[in-house]
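*Asks:* Please find the sequence and the predicted model below.
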Amino acid sequence: MRVVYCFLAAAVFGVTGAGSARGQQTPAGAWQATADALKKQPGLVRFYSFTSADAVQPNLAEAAAAMTFKPDNRSALTTEAGRVAGKAAVVLDGDSFEAPALTLRTNAFTVMGWIRPLGMGSKTGNSGSVSGMIASSGSGYNDGWRLLIYDWKTRQPSIELGREQGAFSARADDGLSAGFWNHLAATWDGTRVRLYINGMLSSEKPYAGQAVAPKSKLRIGFSGFGLGSLKMAVDELAVLDRALPAEEVAAFSLTGVPLPETLKPLVARAQTAEAAGDPHAAAAAY
């Protein structure tokens, strides 16, 4: 497992500390600017901010399809001080938020958001297996997709796409940072699946299958289907019906700071080097 070096923060902010790239305590104005930019993105179909303690979270992409809190054994919704200054973040374990099923209009998508992993959750998977669901649309095994962690020690997220014969799976080469805010994104353009952590490409894998419409709701948090829960704080979940290019994923990981035009070709070069397992070449690209 490799470490995701925070080249983007160093390049844009002139810093070398990891905290900036993880988006710790983003000013509210900067977050709002990024949220407004995201709402203008073509193909945005779902966008939830989770910056309040409300049990119903509106879909900021359109009027319909709000997410509703589903408690675990009558548990109360838990919140904490969020990534955005002055706003909350929801904390989930065996509970979840769910919204009406999401059927994408194209054979491509992007799912991205901010999570703070706190530990494996109280729910185990089949036969007592330890795994943690982050977000899912349908089961993610025979239909839809799902984001999850199989091993807390490595905290490497996986994206799985449901198929009749069982899920196609791609796992990140890098782990999420425990206790810190991480920007996580997965994209599929119909031919290749890519996983990004904190704006950097972590892994990619070819997949030219056909998207299978989900048979159940869109969820963030525990959803069952043979998998356990992840204890995590959540701040934002967005789904688009197209694959965002690497430079746009990078820009959204730098909340409130547009990626300079001069950096975009360098980001593409660095992403290629990082995917090849050469962090020194990635750093040199910047």
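*Replies:* Noted; the coordinates are in hand. Numbering: from 1, shown residues only.
*Asks:* Apart from its neighbours in sequence, what residue is nearest residue 208?
*Replies:* Among residues not flanking residue 208 along the chain, residue 191 sits closest, at 5.1 Å (C-beta to C-beta, 6 or more residues apart in numbering). Every C-beta, even on glycine, is put in place using the N, C-alpha and C of the backbone.
*Asks:* likewise residue 196?
*Replies:* Using C-beta to C-beta, 6+ apart, the nearest residue to residue 196 is residue 185, at 4.3 Å.
*Asks:* Counting by contacts, list what the helix or strand hosting the one you found packs against.
*Replies:* In this structure, residue 185 sits in strand 182-188 according to DSSP states H and E. With contacts taken as 3 or more C-beta pairs under 8 Å, 6 or more residues apart in numbering; DSSP states H and E, strand 182-188 sits against strand 109-120, strand 145-149, strand 157-161, strand 192-197, helix 246-253.
*Asks:* of all those, which lies closest to residue 138?
*Replies:* strand 145-149 (7.3 Å; C-beta to C-beta).
*Asks:* Quick one: mean pLDDT for that closest one?
*Replies:* The average pLDDT for strand 145-149 rounds to 95.
*Asks:* what about dumping the CA coordinates of it to CSV?
*Replies:* Presented in CSV, the C-alpha positions along strand 145-149 are these (Å, rounded to 0.1, in the frame of the first residue of the first chain):
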residue,chain,number,x,y,z
TRP,A,145,-22.6,-0.1,-7.3
ARG,A,146,-21.0,0.3,-3.9
LEU,A,147,-18.0,1.9,-2.2
LEU,A,148,-16.6,0.0,0.8
ILE,A,149,-13.6,-0.9,2.8
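*Asks:* partners of that strand, with directions?
*Replies:* strand 132-137 (antiparallel), strand 157-161 (antiparallel) (DSSP bridges).
*Asks:* Next, the angle from that strand to strand 182-188.
*Replies:* Relative orientation of strand 145-149 and strand 182-188, computed by axes from the mean of the first three to the mean of the last three C-alpha atoms, to 10 degrees: 140 degrees.
*Asks:* residue boundaries of the strands in the stretch 1-150 of the chain?
*Replies:* Per DSSP state E, counting those that start in this stretch, the stretch 1-150 of the chain carries strands over the ranges 44-48, 56-57, 67-70, 78-81, 88-92, 96-99, 109-120, 132-137, 145-149.
*Asks:* Ok, the stretch 151-286 of the chain next?
*Replies:* So, for the stretch 151-286 of the chain - with DSSP E, counting those that start in this stretch - the strands run 157-161, 168-171, 182-188, 192-197, 200-206, 218-221, 230-240.
*Asks:* Format these as JSON lines; extra columns: mean pLDDT, distance to residue 47 and mean neighbour count.
*Replies:* JSON lines is the format used below for these (pLDDT from 0 to 100; distance: least, C-beta to C-beta, whole Å; neighbours: other C-beta atoms under 10 Å):
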{"stretch": "strand 157-161", "mean pLDDT": "96", "distance to residue 47": "19", "mean neighbour count": "25"}
{"stretch": "strand 168-171", "mean pLDDT": "96", "distance to residue 47": "24", "mean neighbour count": "18"}
{"stretch": "strand 182-188", "mean pLDDT": "97", "distance to residue 47": "14", "mean neighbour count": "26"}
{"stretch": "strand 192-197", "mean pLDDT": "97", "distance to residue 47": "18", "mean neighbour count": "23"}
{"stretch": "strand 200-206", "mean pLDDT": "95", "distance to residue 47": "23", "mean neighbour count": "20"}
{"stretch": "strand 218-221", "mean pLDDT": "96", "distance to residue 47": "12", "mean neighbour count": "26"}
{"stretch": "strand 230-240", "mean pLDDT": "96", "distance to residue 47": "5", "mean neighbour count": "25"}
